[in-house]
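# Kindly generate the corresponding structure for this input.
(chains A, B, C and D)
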Protein chains: 2
Amino acid sequence: MSAPANARARVRAQLTGEITEVARRHLAASGAAALSLRAVARELGMASSAVYRYFPSRDDLLTTLIVEAYDALGRAAEEAEAGQPRDDLRARWRAACRATRDWALAHPHEYALVYGSPVPGYAAPEATIAPAARVGALLSRVLADGVAAGQVDPGAGPAGADTTLDPTLLDDLGLASDDPASSLGARAVFAWSALFGTISFELFGHTHNVVTDHAAFFDHTIDRLATEVGLT
Amino acid sequence: MSAPANARARVRAQLTGEITEVARRHLAASGAAALSLRAVARELGMASSAVYRYFPSRDDLLTTLIVEAYDALGRAAEEAEAGQPRDDLRARWRAACRATRDWALAHPHEYALVYGSPVPGYAAPEATIAPAARVGALLSRVLADGVAAGQVDPGAGPAGADTTLDPTLLDDLGLASDDPASSLGARAVFAWSALFGTISFELFGHTHNVVTDHAAFFDHTIDRLATEVGLT
DNA sequence: CAACAGAGGAGAGCACCGCTCTGTCGAGGC
DNA sequence: GCCTCGACAGAGCGGTGCTCTCCTCTGTTG
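Model prediction:
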């Protein structure tokens, strides 16, 4: 990955980067369906067959773009959240949610690639699962900090909802509870789903004739979610 | 539409139906991306060019399938809700939500076509906006009945959220309120978005390593939504 | 009843796609 | 300094959406 030994590998990494860069631009401009390996090759002045030396198939190129999109979105949310005072949990929550929406609005095709219909066969490649969790993990961190600070009651809400979740993951996220009736994790997953459901509905046009002020409605929604999740 | 005057129109409607039927089957089997007009024509034993007498483009065929999917999903939800006692609002709410999820699980590709990334240019055709609202309208009806029965407080929740919504639509859905601080409509739109966000996350694999018992988690979620929306 | 118009279909063809195979060339490694 | 092997171009295969032209057959109308 980093600091390739021989010059061959270096120029190879360079060209791989150029291909993904052009592909990312095509994706942003026209959407995943219109992304053509041949068009990317044309823009780079090479034969289409040459691209296959770097990406075994179009789906592999798309997978790279998916990982990039997850990482870009995750980074945007993390940076916005990091800019808030540590003890203002609600501000951190709001910043993360707003940054997610802002990124989605700025990169609609990349967002659709990642949170729309799955394009390849059906199973997401292994490489995508870690970056896909970044925003969810960020929200969980805010929540876990709230529990530590005594601002969030882990026991609130319907009892036992956490038993529907993977306990190992809850542990990793710092949302595990001794109380078997806890619903802290379930509330986090709920907020996570609702956040992206709201953004997807706006971006994909489902609330087109319903919501007139999307930004204000979104702010109401994430405040509602913060309350629902237990942030005081 | 109904009862075509001449025989020509009748046989035309017949063949149009056969084309959409075959296309719908191909969609259900392989997804929207793999739906090929030529393959449909082959199965029907006609030249691909002949199909263009009935659908001006592949996107128009897809639009027809989109409308069909919206209607099928809406009908499923409405029938399930209609099977519940009128005065048990929570049972009606649960039945509508569960039927929506069940239909999505049974028709993943059709669901993805409709609630995934928008495939055509970007603007949804006019013909799709009415059927797209069926599930949302159904949820609103349960909520409006709750207000009429005094079981739902239209004034609860954050004040003024309804000002972000289209007042004409709120009126049509029976969610309009004299109180300018009402949030009844906003809560309905929120629940609507969260419902489909949860289903999409499950179906598109985002909760794959997170939720272990999807059915139980979904039940917890829609109960949470019912409470959040104001159903006692 | 006969003639006509127009709907419906077939086939070839265009430009594009993903992907494969083969042949060649030039630079990196010994 | 030679040789190997990675990188690339080009042709080609089967597929796509869509168009155009030609022809047939049928419902309608004078």
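# Just the helices from chain A, written as ranges.
Using DSSP state H, the helices of chain A run over A:7-30, A:37-43, A:48-51, A:58-82, A:89-106, A:108-115, A:129-132, A:134-148, A:167-173, A:184-203, A:214-229.
# So which elements touch the second one?
If I follow you right, that is helix A:37-43. Applying 3 or more C-beta pairs under 8 Å, 6 or more residues apart in numbering or on different chains; DSSP states H and E, one finds that helix A:37-43 contacts helix A:7-30, helix A:48-51, helix A:58-82. For the C-beta atoms, the positions are set from N, CA and C on the backbone; glycine is no exception.
# Other residues contacting that helix?
A:19, A:22-23, A:26, A:47-48, A:50-51, A:55, A:58, A:61 (C-beta atoms under 8 Å, 6 or more residues apart in numbering or on different chains).
# contacting residues around the closest residue to chain B within chain A?
At 1.7 Å from chain B, A:Gly197 is the closest residue in chain A, using C-beta to the nearest C-beta. By C-beta under 8 Å, 6+ apart, A:Gly197 lies in contact with B:193-198, B:200-201.
# Mean neighbour count and mean pLDDT for the helices and strands packed on helix A:37-43 - can I get that in a markdown table?
Output for those, formatted as a markdown table (neighbours: other C-beta atoms under 10 Å in any protein chain shown; pLDDT from 0 to 100):
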| stretch | mean neighbour count | mean pLDDT |
| --- | --- | --- |
| helix A:7-30 | 15 | 91 |
| helix A:48-51 | 14 | 96 |
| helix A:58-82 | 19 | 96 |
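# ok so, going back, and which of the contacts of helix A:37-43 is nearest DNA strand C?
A:Arg58 (3.5 Å; C-beta to the nearest atom of the strand).
# can you count the residues close to the nearest residue to that closest one once chain neighbours are set aside?
Distance criterion C-beta to C-beta, 6 or more residues apart in numbering or on different chains; nearest residue to A:Arg58, sequence neighbours excluded, is A:Leu37 at 5.0 Å. Using other C-beta atoms under 10 Å in any protein chain shown, A:Leu37 has 19 neighbouring residues.
# Just the pLDDT for A:Leu37.
pLDDT, A:Leu37: 97.
# got the residues of chain A near DNA strand D?
A:8, A:12, A:15, A:45-50, A:53-54 (C-beta under 7 Å from any atom of the strand).
# if we go to 10 Å?
Proximity of chain A to DNA strand D (C-beta under 10 Å from any atom of the strand) is limited to residues A:6, A:8-16, A:18-19, A:38, A:41, A:44-54.
# which intervals of chain A have sub-threshold pLDDT?
A:1-5, A:119-124 (pLDDT under 70).
# how does it look with 50?
A:1-5 (pLDDT under 50).
# domains of chain A?
Using the TED database, the domain ranges for chain A come out as A:1-56, A:66-229.
# ranking these by burial, who's on top?
For these, average neighbour numbers computed from mean count of other C-beta atoms under 10 Å in any protein chain shown are highest in domain A:66-229, which has a mean of 19.
# So which residue is dead centre in chain A?
Among the residues of chain A, A:Tyr70 comes closest to the average C-alpha position under C-alpha atoms, centre = their mean, at 4.6 Å.
# can you pull the contacts of the nearest residue to that residue once chain neighbours are set aside?
Spatial nearest neighbour of A:Tyr70, chain neighbours left out: A:Pro131 (3.7 Å); criterion: C-beta to C-beta, 6+ apart. For A:Pro131, the contacting residues are A:67, A:70-71, A:74, by C-beta under 8 Å, 6+ apart.
# again, 10 Å this time
Shown in contact with A:Pro131 (C-beta atoms under 10 Å, 6 or more residues apart in numbering or on different chains): A:66-75, A:114.
# Tell me which two in those are the farthest apart.
A:Ile66 and A:Arg75 (14.9 Å; C-beta to C-beta).
# coming back round to it: now the helices of chain A as a markdown table including distance to B:Thr100?
Output for those, formatted as a markdown table (distance: least, C-beta to C-beta, whole Å):
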| stretch | distance to B:Thr100 |
| --- | --- |
| helix A:7-30 | 31 |
| helix A:37-43 | 38 |
| helix A:48-51 | 42 |
| helix A:58-82 | 27 |
| helix A:89-106 | 24 |
| helix A:108-115 | 19 |
| helix A:129-132 | 24 |
| helix A:134-148 | 23 |
| helix A:167-173 | 26 |
| helix A:184-203 | 13 |
| helix A:214-229 | 20 |
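# For B:Ala144, find the nearest of those.
Closest to B:Ala144 of the helices of chain A, according to C-beta to C-beta: helix A:214-229, at 19.8 Å.
# could I have that closest one exported to CSV, CA atoms only?
Taking Å, rounded to 0.1, in the frame of the first residue of the first chain, the C-alpha atoms of helix A:214-229 are listed here in CSV:
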residue,chain,number,x,y,z
HIS,A,214,-36.0,20.3,3.8
ALA,A,215,-33.2,21.8,5.9
ALA,A,216,-35.6,22.9,8.7
PHE,A,217,-37.4,19.6,8.6
PHE,A,218,-34.1,17.8,8.9
ASP,A,219,-33.2,19.8,11.9
HIS,A,220,-36.4,19.0,13.5
THR,A,221,-35.9,15.3,12.7
ILE,A,222,-32.4,15.0,14.2
ASP,A,223,-33.5,16.8,17.3
ARG,A,224,-36.3,14.4,17.6
LEU,A,225,-33.8,11.5,17.1
ALA,A,226,-31.5,12.9,19.8
THR,A,227,-34.4,13.0,22.2
GLU,A,228,-35.6,9.6,21.3
VAL,A,229,-32.1,8.2,21.7
